[in-house]
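Q: here's my sequence, what's the structure:
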Amino acid sequence: MVVADLHVHTTRSDGTLTLETLPAAAAAGGVDVVAVTDHDRIHPDLDSPVTTHDGLTVVHGVELRVDTGDQRLDLLGYGVDPTDALEAECARIQRDRRERGRRIIDCVEDRLGVTLDVEPRDGLGRPHIARAIADATDYTFQGAFDDLIGDDCPCYVQRKVPSFERGRDLLADACGLVALAHPFRYSDPEAALARCRTLDAVEYWYPYGRPIDDATLDSAIEDYDLLPTGGSDAHGESVGETGLDERAWKRVRAALGV
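A: Residues are numbered from 1 along each chain as shown. Take a look at the predicted model:
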């Protein structure tokens with residue numbers, strides 16, 4: 001039984017939940033613990049690495065995209081105690097997100113001859129733009145990604161992200177645990193898992209991507225002495241689709257020192 005969903009997004013990035021609505025969503029999903037892991041942003045209302053909101057245990061987390069040179073990966077930091085360096089990098093990334101968002105919006109509007117009800121801002125992600133495209137055109141949310149703003153599509157603009165080494169070091173200095181997110185989502189999962197040799201954990205349970213090869217993932221966990229973690233990567237109102245059972249959460253909780 002899932003008790004901890006350690007990969008959830010809020011309106012701080014591209015999710016729809018807030019800290020106020022999160023406890024009810026967690027209760028509906030049957031989970032006792034949630035990690036707030038917004039993209040490249042620290043949540044200002046989480047003032048300690050692990051806290052409680054209306055009876056819900058909330059782990060302060062962050063999801064940071066990094067570049068290995070061959071592919072881009074997502075790292076999850078759990079138990080955030082912000083450093084000046086991490087805050088400065090997140091601020092830089094948000095400036096880049098605003099500029100990137102403006103360029104994508106301009107491209108879509110020029111290409112389709114429409115005006116989108118979305119503005120460049122901190123925390124803006126492509127899901128926000130896809131929703132605006134779906135509202136203004138005959139495109140569906142997924143269709144907007146498939147034809148317009150997805151990777152290698154005509155209105156795609158790549159973000160400027162830190163190197164794997166810099167991102168890992170920033171998170172290691174500010175977080176209790178650093179994990180590789182959704183390892184079988186990448187174009188080269190084996191290379192992604194090899195990066196775990198310098199990490200603390202890896203997402204074992206998540207609801208999408210390539211079929212999970214348990215043997216490959218188990219080998220990485222054993223070889224690199226990793227904690228298995230996981231979560232739903234919720235961007236909507238539902239949490240708890242997948243995540244940690246009580247035993248797995250106890251191990252993560254102990255590693256976080258709570």
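
Q: tell me the pLDDT of P211.
A: pLDDT for P211: 68.

Q: need the strands for the chain, in chain order.
A: For the chain, strands defined by DSSP state E occupy the ranges 4-8, 33-39, 50-53, 56-67, 72-78, 177-180, 201-205, 227-230.

Q: where does the chain have low pLDDT?
A: 210-212 (pLDDT under 70).

Q: would you tell me which helix is longest in it?
A: In the chain, assigned by DSSP state H, the helix with the most residues is helix 84-112.

Q: need the helices for the stretch 101-250 of the chain, in chain order.
A: 126-136, 141-144, 164-174, 189-194, 214-224, 246-256 (DSSP state H, counting those that start in this stretch).

Q: now the ones you listed in CSV, with distance to V8?
A: Every C-beta, even on glycine, is put in place using the N, C-alpha and C of the backbone. As requested, these are exported to CSV (distance: least, CB to CB, whole Å):
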stretch, distance to V8
helix 126-136, 14
helix 141-144, 19
helix 164-174, 18
helix 189-194, 22
helix 214-224, 22
helix 246-256, 14
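
Q: figure out which of those helices is closest to P23.
A: Closest to P23 of the helices of the stretch 101-250 of the chain is helix 246-256 (CB to CB; 17.3 Å).

Q: re the thing from before, for the helices of the stretch 101-250 of the chain, which one sits closest to V34?
A: V34 lies closest, by CB to CB, to one member of the helices of the stretch 101-250 of the chain: helix 246-256, at 11.2 Å.

Q: just the buried positions in the closest one, please.
A: A248, W249, V252, R253, A255, L256 (16 or more other CB atoms under 10 Å).

Q: what's the offset of that helix from the middle of its chain?
A: Mean-position distance between helix 246-256 and its chain equals 20 Å (CA atoms, centre = their mean, to the nearest Å).

Q: tell me which residue is most central in the protein.
A: Residue closest to the mean C-alpha point of the chain, counted by CA atoms, centre = their mean, is E63 at 4.1 Å.

Q: just grab the bridge partners of that one for me.
A: H39, L76 (DSSP bridges).

Q: my guess is it meets Y78, correct?
A: No - contact criterion CB atoms under 8 Å: E63 and Y78 do not qualify, at 10.4 Å.

Q: anything in contact with each of the two?
A: Residues within reach of E63 and of Y78 at once, by CB atoms under 8 Å, 6 or more residues apart in numbering, are T37.

Q: hmm, back to that, angle of the longest helix of the chain against strand 56-67?
A: 70 degrees (axes from the mean of the first three to the mean of the last three CA atoms, to 10 degrees).

Q: what are the buried residues along helix 84-112?
A: Buried residues in helix 84-112 (16+ other CB under 10 Å): 86, 89-90, 93-94, 97-98, 100-101, 104-105, 107-109, 112.

Q: so who does L56 touch?
A: Shown in contact with L56 (CB under 8 Å, 6+ apart): L22, P23, A26, A27, D32, V33, V34.

Q: any figure for the gap between the third one and P207?
A: Taken as CB to CB, to the nearest Å, the spacing of A26 relative to P207 amounts to 16 Å.

Q: neighbour count winner among these two?
A: Counted by other CB atoms under 10 Å, A26 and P207 do not tie: A26 has more neighbours, with 26 against 14.

Q: scan the contacts of L56 and report the most crowded one.
A: Counting neighbours by other CB under 10 Å, V34 comes out on top of these with 30 neighbours.

Q: got the domain ranges for this structure?
A: With domains defined by automatic domain parsing, the chain comprises 4-81+175-256, 91-149.

Q: in TSV: the ones you listed, plus distance to E165.
A: As requested, the domains of the chain are arranged in TSV below (distance: least, CB to CB, whole Å):
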stretch	distance to E165
domain 4-81+175-256	8
domain 91-149	16
